[in-house]
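S.K.: structure for this input, please:
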Amino acid sequence: MATTSARPAAAGIDLQETARKHLWMHFSRMGGYDGDHEIPIIARGEGAYVWDDHGNRYLDGLSALFCCNAGHGRADYGEAAAAQIRELDFYTNWSYAHPRSIELAQRVAELAPGDLNRVFFTNSGSEAVESAIKVARNWHRAHGRGQRTKIITREVAYHGTTMGALTATGLTDLKVPFEPTMPGGNHVPNTNQYHWPEGRDPLWAAERLRERVEFEGPDTIAAVILEPLQNAGGCIPPQEGYFQRVREICDEHGILLVSDEVICSWGRLGHYFGCERYGYQPDIITTAKALTGAYIPMGAMIVSDEVFEPFSTGTASFAHGSTFGGHPVAAAVALRNLDVFAEEDLCGHVRKTEAEFRGKLEELRDIPIVGDVRGAGFFHALELVKDRDTKAPFSDEESEWLLRGFLSGELYRRGLICRADDRGDPVIQLSPPLICDTEQFDEIASILRSVLEEAAEKVAATG
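M.R.: Residues are numbered from 1 along each chain as shown. Modelled structure (predicted):
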């Protein structure tokens, strides 16, 4: 793999001081950074590893944020971008087209399941979800069903930060600061059966969705939006038959099914699209992150021929878009990324090695605070509990100390980037680059074991 060296900081710039003065980081407690608490500054990447500005190496067990699936430092992606800039730096897809967006739309449509043949490019995952909500409403209106404006999603699920996507998001703490959000958002239980009572019907969550549809009134609902493997809450998998039942419910009531694959597409679960992993056919797929390997921002909404049909003739149009959606440089990088997926069979590699990766994580169940191990492909989580026998959770104060006061910092200090999160129950999430193999699996497990065993001792000592 061709790589490049880190670009040195401009002469005379203190990166820490300058960042604290001027950089507003996303989802970050900016007040927590001072002279004694540095902002982590990642300066270089190569393969499955990144280096900070002090030269310390870290295994990128989060793929930057579920998105650098083909690994870091691929100079050929930069060469594809440079070649495109020399040919055509930019033209919008707003009333115009250019060769790269056309070629990429064809490639994506060929990879997408069923008749999802129309590709609408965006700049991010939130924008892709926003587009899906708007097209679902617009599609129903075009068929004389303008009262269908509501959406149904799951509790604890994250679907983005724009106002429509935030309505879909099922995380109270992310919504409340910006309320009132767009009306029409409804949430149903997710599929995390770790805390379910023994003997519960495996399709209980699907039936709760059906009940909500009937309660709201089927003729008021535009779409159901679900991730194949739910991210927030810790890599929550569906029960066998869950998505098939949801598909039946949507078909019965004329509701569009949106598969939010901003994370789960492009090999994360061992397939180009996560819905293939679980055997269901959506009407719309939303995607982003690893579409370009994250080397440049890009997202997309992929819709079926049926969803596209009302916008395809006469004077009709989907009155939505953005200046940069389908940017030629991003499209050129995405095309190279898809070439790499084919040349290196990254999806096949995930399917071949996921059992080994999962096995290394399963071995950590002997640590007293590890309650559950779940996920699929290269997307797994460890749920942490105060008492493994009773599954008793940590209090909010204990979770704050455990995750942010100890685990996040200690894992990073020992060379592993992952996510210690409590949107839902406390979890550690792992989504390493798809190029990882035995060496990286062993390294991840070794660091996790040393830090989690220490955490368990601290928990035991505090009673």
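S.K.: now the strands: where do they sit in the stretch 351-463 of the chain?
M.R.: Taking DSSP state E, counting those that start in this stretch as the criterion, the stretch 351-463 of the chain carries its strands at 370-376, 379-384, 416-417, 419-421, 427-430.
S.K.: and those strands, which is most packed in?
M.R.: With neighbours taken as mean count of other C-beta atoms under 10 Å, those reach their highest mean count in strand 379-384, at a mean of 26. For the C-beta atoms, the positions are set from N, CA and C on the backbone; glycine is no exception.
S.K.: partner strands of it, with direction?
M.R.: Here strand 379-384 is paired, per DSSP bridges, with strand 370-376 (antiparallel), strand 427-430 (antiparallel).
S.K.: and the angle from the lengthiest helix in the chain to strand 379-384?
M.R.: Determined from DSSP state H, the single longest helix within the chain is helix 438-461. If you take axes from the mean of the first three to the mean of the last three C-alpha atoms, to 10 degrees, helix 438-461 sits at 20 degrees to strand 379-384.
S.K.: other SSEs contacting helix 438-461?
M.R.: Using 3 or more C-beta pairs under 8 Å, 6 or more residues apart in numbering; DSSP states H and E, the elements in contact with helix 438-461 are strand 57-60, helix 346-362, helix 408-413, strand 416-417.
S.K.: mind checking the SS state of A136?
M.R.: helix (DSSP: H, G, I helix; E, B strand; the rest coil).
S.K.: what mean pLDDT does stretch 44-57 get?
M.R.: The average pLDDT within stretch 44-57 is 97.
S.K.: how far away from the center of its chain is that stretch?
M.R.: 23 Å (C-alpha atoms, centre = their mean, to the nearest Å).
S.K.: what residues sit buried inside it?
M.R.: Buried positions in stretch 44-57, judged by neighbour count with 16 or more other C-beta atoms under 10 Å: R44, G45, E46, G47, A48, Y49, V50, W51, D52, D53.
S.K.: between those residues, which is nearest T122?
M.R.: Relative to T122, the closest of the buried residues of stretch 44-57 is G45; by C-beta to C-beta it sits at 24.9 Å.
S.K.: wasn't that closest one part of a helix?
M.R.: No: checked against three-state DSSP, G45 lies outside a helix; its state is strand.
S.K.: you'd agree it is up against A70?
M.R.: No: using C-beta atoms under 8 Å, G45 is not in contact with A70, being 11.5 Å away.
S.K.: who's in contact with V459?
M.R.: P368, I369, K386, E398, L402 (C-beta atoms under 8 Å, 6 or more residues apart in numbering).
S.K.: relative to V213, how far out is it?
M.R.: 42 Å (C-beta to C-beta, to the nearest Å).
S.K.: again with E227
M.R.: In terms of C-beta to C-beta, E227 sits 19 Å off from V213.
S.K.: of those two, which one has the most company?
M.R.: For E227 versus V213, neighbours defined as other C-beta atoms under 10 Å are more numerous around E227 (25 against 22).
S.K.: in the sheet, which residues pair with the closest residue to that one other than its chain neighbours? Tell me.
M.R.: Excluding the flanking residues, the one nearest E227 by C-beta to C-beta, 6 or more residues apart in numbering is D260, at 4.9 Å. Applying DSSP bridges to D260 gives these bridge partners: T286.
S.K.: so what's D260 up against?
M.R.: Neighbouring residues of D260 by C-beta under 8 Å, 6+ apart: G125, V129, A132, H159, I225, L226, E227, T286.
S.K.: what do you get for V213?
M.R.: Neighbours of V213 in contact, by C-beta under 8 Å, 6+ apart: I152, I221, I249, H253, I255.
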